[in-house]
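[1] Below are the sequence and a predicted model; questions follow.
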Amino acid sequence: MNAQAACSIEGRIGFLGAGSIVEAMLSGILKKGLLSSDRIYVTNRSNSERLEHLAQTYGVNTTHDKFEVIAASDILILAMKPKDSGEALKELRGAVHEGQLVISVIAGVSTTLIGEWLGVNCPIIRTMPNTSSAVGLSATGIAANHSVTEEQLQLATRLFEAIGTVYSVAEEELDIVTGLSGSGPAYVYYLVEAMMGAGATAGLDREMARQLTLQTVLGAAHMLMDTREDPAILRKKVTSPGGTTQAGMEVLETYRFQEAVTSAILRASERSREMGAEYR
Ligand SMILES: NC(=O)C1=CN([C@@H]2O[C@H](COP(=O)(O)OP(=O)(O)OC[C@H]3O[C@@H](n4cnc5c(N)ncnc54)[C@H](O)[C@@H]3O)[C@@H](O)[C@H]2O)C=CC1
Ligand SMILES: O=C(O)[C@@H]1CCC=N1
């Protein structure tokens, strides 16, 4: 048996939703050879062009018939927006059976609510990946309801390991995961936008400013991962007394940078909880 076959998974997977997260997952799962594209089914609300694109690019089965996807699948991945999820899942009432494994990537919506909407007492796993899935570098939080077996949890973990690193958390913690690492890439991009803009404003060529910024962010992430040093220690090593970094840090402190980032993550986590309550 070759390595690829050894790590392949049994059964068929159906995706309800065909947006950016689903494309990132398809790309990762197929690259890893976890299962062949003919065992993957994808549907969305109404965008035929999008389904055509996924069929052409990944060779997956696509249809506008959600019930066909459900009937064909052993594992169902729920990937519509939180605001669409109640209506979408209530429509499917009675179609999902207890032997199927449901995996949600929907922000804020609990496994209890998903079970209530689907009207079935089936195993449900709630996850929170991020868009770095597209390059195999997602940080994904995962939590299971009481019906999920150890084997099913391992299966879901392997699916998400195809698109990054998986962290098992309590379901209540997934709202925090959402505010931190689900939304997190956007905060990093925002910082990068500012750094690139500043380099260009100060007189560098835009492309040069971009490359210097990206290499700096990549290098800092590698330093944190490889040395495992406390970020505050690494920061101190950059900061010579009376030097340039200290001057820059003093400005960030004037703008209460750490407080801003903390408040943003807490607010995003709170929004995840709010969405769960709002769409109930
Ligand atoms: N974009 C991100 O960074 C992340 C998104 N998520 C979650 O993933 C989910 C999808 O997000 P995106 O892919 O960004 O959204 P998107 O807007 O790109 O895709 C949503 C998909 O759901 C489909 N849809 C809507 N109603 C439907 C229905 N009744 N039946 C079947 N499909 C239906 C739409 O046609 C579309 O294909 C959301 O719940 C979001 O919270 C999770 C982690 C990260
Ligand atoms: O902004 C959102 O609601 C989704 C969840 C995490 C990232 N994007």
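    Good, I have the coordinates. Ligands and ions are numbered 1, 2, ... in the order given.
[2] Which residue ranges of the stretch 51-200 of the chain form strands?
    61-62, 75-78, 101-104, 124-128, 138-144, 164-168 (DSSP state E, counting those that start in this stretch).
[3] does ligand 1 sit close to the shortest one?
    No: among the residues of strand 61-62, none lie within reach of ligand 1 under C-beta under 6 Å from any ligand atom; the closest is 11.0 Å away. C-betas here are computed from N, CA, C, even on glycine.
[4] for whatever residue of the stretch 1-150 of the chain ends up closest to ligand 2, phi and psi?
    Going by C-beta to the nearest ligand atom, ligand 2 is nearest to Ala107 of the stretch 1-150 of the chain, at 3.8 Å. Backbone geometry at Ala107, expressed as degrees, to the nearest 10, gives phi -70, psi 140.
[5] Surely it touches Met80?
    No: with contact defined as C-beta atoms under 8 Å, Ala107 does not count as touching Met80 (10.9 Å).
[6] Was I right to think Val261 contacts Tyr187?
    Yes: the pair Val261 and Tyr187 qualifies as a contact (C-beta under 8 Å) at a distance of 6.8 Å.
[7] Compare these two and say which is more crowded by neighbours.
    Neighbours were counted for Val261 and for Tyr187 using other C-beta atoms under 10 Å; Tyr187 has more, 16 against 13.
[8] I figured the more buried one hits Thr262, correct?
    No: using C-beta under 8 Å, Tyr187 makes no contact with Thr262, being 11.2 Å away.
[9] next one: phi and psi at the residue nearest to the spatial centre of the chain?
    Nearest to the geometric centre of the chain sits Pro129, at 1.9 Å (C-alpha atoms, centre = their mean). Dihedral pair for Pro129: phi -80, psi -170, per degrees, to the nearest 10.
[10] Domain boundaries for this protein, per the record?
    Split into domains by automatic domain parsing, the chain comes to 3-175, 184-276.
[11] Export the ones you listed as TSV, with columns for mean pLDDT.
    Formatted as TSV, the domains of the chain follow (pLDDT from 0 to 100):
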stretch	mean pLDDT
domain 3-175	94
domain 184-276	98
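[12] Of these, flag the one that's most buried.
    domain 3-175 (a mean of 18; mean count of other C-beta atoms under 10 Å).
[13] With adjacent residues omitted, what lies nearest to the residue of the chain found nearest ligand 2?
    Going by C-beta to the nearest ligand atom, ligand 2 is nearest to Gly182 of the chain, at 3.3 Å. Leaving aside its sequence neighbours, Gly182 sits nearest to Met128 (C-beta to C-beta, 6 or more residues apart in numbering; 4.6 Å).
[14] what's near enough to touch the one you found?
    Val105, Ala107, Thr140, Gly141, Ile142, Leu174, Val177, Thr178, Ser181, Gly182 (C-beta atoms under 8 Å, 6 or more residues apart in numbering).
[15] mind redoing it with 7 Å?
    By C-beta atoms under 7 Å, 6 or more residues apart in numbering, the contact set of Met128 is Ala107, Thr140, Gly141, Leu174, Val177, Thr178, Gly182.
[16] Over to Leu224?
    Pro231, Leu234.
[17] Then Pro185?
    Asn130, Thr131, Ser132.
[18] Reformat the residues you listed as JSON lines; add distance to Glu278.
    Formatted as JSON lines, those follow (distance: C-beta to C-beta, whole Å):
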{"residue": "Asn130", "distance to Glu278": "22"}
{"residue": "Thr131", "distance to Glu278": "23"}
{"residue": "Ser132", "distance to Glu278": "27"}
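[19] filter the residues you listed down to the ones near ligand 1?
    Answer for the contacts of Pro185 near ligand 1 (C-beta under 6 Å from any ligand atom): Asn130, Thr131.
[20] Closest one to ligand 1 out of the contacts of Pro185, please.
    Using C-beta to the nearest ligand atom, the contacts of Pro185 come closest to ligand 1 at Thr131, 4.3 Å.
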